[in-house]
Structures are given as structure tokens and as C-alpha cells.
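Student: Fold the following.
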Amino acid sequence: MFYLGRGRMGIAYLVAGIAVTYAVPAALHLQAISYPSWMAILMGLAFRLAGGIHAYIAASNHVPRDRYPWFAKLHNWILVFFLVPLLTALIIRNFLVQPFNIPSGSMMPTLQVGDFLFSEKLTYGISRYSLMFGMGPSHRLGGRPPKRGEVVVFAFPAEPTVDYVSRVIGQPGDRIQMRDGRLFINGVMVERQPLITTDIPHEAGVTLYMEHLPGGVVHPIIEMLDDTSRGDNTREFLVPDDHYFMMGDNRDNSRDSRFDVGFVPNENIASRPWLIYFNSEVAGRSWLRVQ
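Tutor: Just a heads-up that it's a prediction; the model follows:
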């Protein structure tokens, strides 16, 4: 339609395509309206078939013009519909929202293996590793420091090209230690409560707790047995200035600041996970806020 010079019709098809493919399924999900997957596929095929027939008829009846609008020219089409979206996507990915997937169980039960999520960058501002290839500024621009209990995406200090996701447990100046499987912050044992009945997904044979961090953040953690893993008893860690201490919610199966991750510099904090939009292994796990 754009090539034929029918710009309004082209925009109408563009909007309708977004609605059929994304907006309508999202609205049905938010309203908890279930429908078979074949219906969504059938709707998409019907829309494309009708559009194709319409475009064929419009092209066969098209009378050549002496002068075409700018969007009917190939080089402008490439510019507007390829280069501009690509540039827009790069700006969004680097400065606003970045997609991220969870390949391991270190943050279970909060984040499950197979989760695909959006992490936003406005909360913490822009730092060195907020941008692709570590090309960000050496000093953070805008935003605020991470708070205790927040889940963050950060560049692994030993290999910054690798992204990790974990929970902030220690802030600059804090003393962090594990004793017999219990978390101590500044010499005070963190309160936790076992969950006997819960709808939070977790593996069989583990114990689920709700942990109450200083500052008011309450979140679930997984423990197998206290005092059995190498992370259940540690030395006392003093968090340096401008660094953070990270721990996974799956306490006996997490690579975090107790081990090779170490203290995470402020400049390595990249973004804050915000929304789980899809899980490749668990049906129905979508559009969930990350707590």
C-alpha cells in the first residue's frame, strides 16, 4: 500500500497488524480470558490472507501516477522502515528497556529458568555497562543507587561481557555473613518464616522461606538444608565504598558475592528487572512484575 502511494491504508494495515498480533492477545490475557492457541493462529492467517487479496486487487487496478509521495520510493522505504526502527531499537535498548532471559536457577523462586523479562534503566540511570559493549560513561548519569532487596542486572566483574542477575543484600559499609545457613547483616540475623502452603513455584525437596530484609523488603528464598553447602558458613564481608554485595534467592545454588562474583562495583549495575513477559518452559507464566 505504501508502494502504491496509499499511505493512509498502509498505516491502517500497520496498526491493525499490531492489534491482531500483540494488542488483542495481551488484552485477553489481562482480562483472564482463555482461548485456544489455534484461534490466535487462525486470526493471524485470516488477517494476512485478507490483506494480501486486498493488496493484489489494489495493485491490479492501480493507475500509474506522474508523481508519487515520498513513502512510495524504495530508498525512503528502507530509511523509514528499516534504519529508523533499528536506530530506535538501539536507543530503547541502551537507554530505556533491555530484554533479558534467565538461563539458570540461581534466582528461584523469584525468577524461573526460561523467564524472558524486561529490565528498565531509568531507575539507576546510565553507567558504563548500561550501554552495549561497556561504552557508557565512567560516572553514572542520573538515577539513584540500588536499594537493599532490589533485583538487579549487572556485568560480572571478572568478565564484564557476561550479564548476571541477583538481589542486592549488602550496600557500601555493610557487614555480611552467613552462619549455619542464616543471613546476618551488620551482626543481626535476618528474620525468615517458613512457608508450608504456597502457590509460589519451587522444586520438591526444598524449603521455601519468606525473608524480611532490613528496610522492609520481603521476598521468597529457597534453602535445601542449613549448614550443608559451602555458602552456609562464610567469613564476614565488609562491603567497600561504591560496591554492592549480591546473593541469589536460591541460596544453596547460586554464584554470587559469597564466591567468585565478589563485590560488584557501582558502575557494573546495568538495569532493574521489571516485567516477566514470557517463559519458554512454563505455560501461562507471563506479564508478571518482578518483586
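Student: Report the contact partners of residue 126.
Tutor: Applying CB atoms under 8 Å, 6 or more residues apart in numbering to residue 126 gives the contacts 95, 136, 137, 140, 141, 142, 143. Just so you know, the C-beta spots here come from the backbone N, C-alpha and C atoms, and that holds for glycine as well.
Student: Quick one: mean pLDDT for stretch 157-176?
Tutor: For stretch 157-176, the mean per-residue pLDDT is 96.
Student: so who does the closest residue to residue 241 other than its chain neighbours touch?
Tutor: Closest residue in space to residue 241, ignoring its immediate chain neighbours: residue 172 at 5.0 Å, by CB to CB, 6 or more residues apart in numbering. Applying CB under 8 Å, 6+ apart to residue 172 gives the contacts 239, 240, 241, 242, 243, 244.
Student: so how far is residue 59 from the nearest residue to residue 71 once chain neighbours are set aside?
Tutor: Leaving aside its sequence neighbours, residue 71 sits nearest to residue 2 (CB to CB, 6+ apart; 5.0 Å). For residue 2, the distance to residue 59 equals 12 Å [CB to CB, to the nearest Å].
Student: Between these two, tell me which one has more neighbours.
Tutor: Each of residue 2 and residue 59 has its neighbours counted (other CB atoms under 10 Å); residue 2 has more, 19 against 11.
Student: Same list (the contacts of residue 126) but as a markdown table, adding distance to residue 85 and pLDDT.
Tutor: Listed next are the contacts of residue 126 as a markdown table, based on distance: CB to CB, whole Å; pLDDT from 0 to 100:
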| residue | distance to residue 85 | pLDDT |
| --- | --- | --- |
| 95 | 16 | 92 |
| 136 | 23 | 88 |
| 137 | 26 | 89 |
| 140 | 29 | 88 |
| 141 | 26 | 90 |
| 142 | 26 | 91 |
| 143 | 27 | 92 |
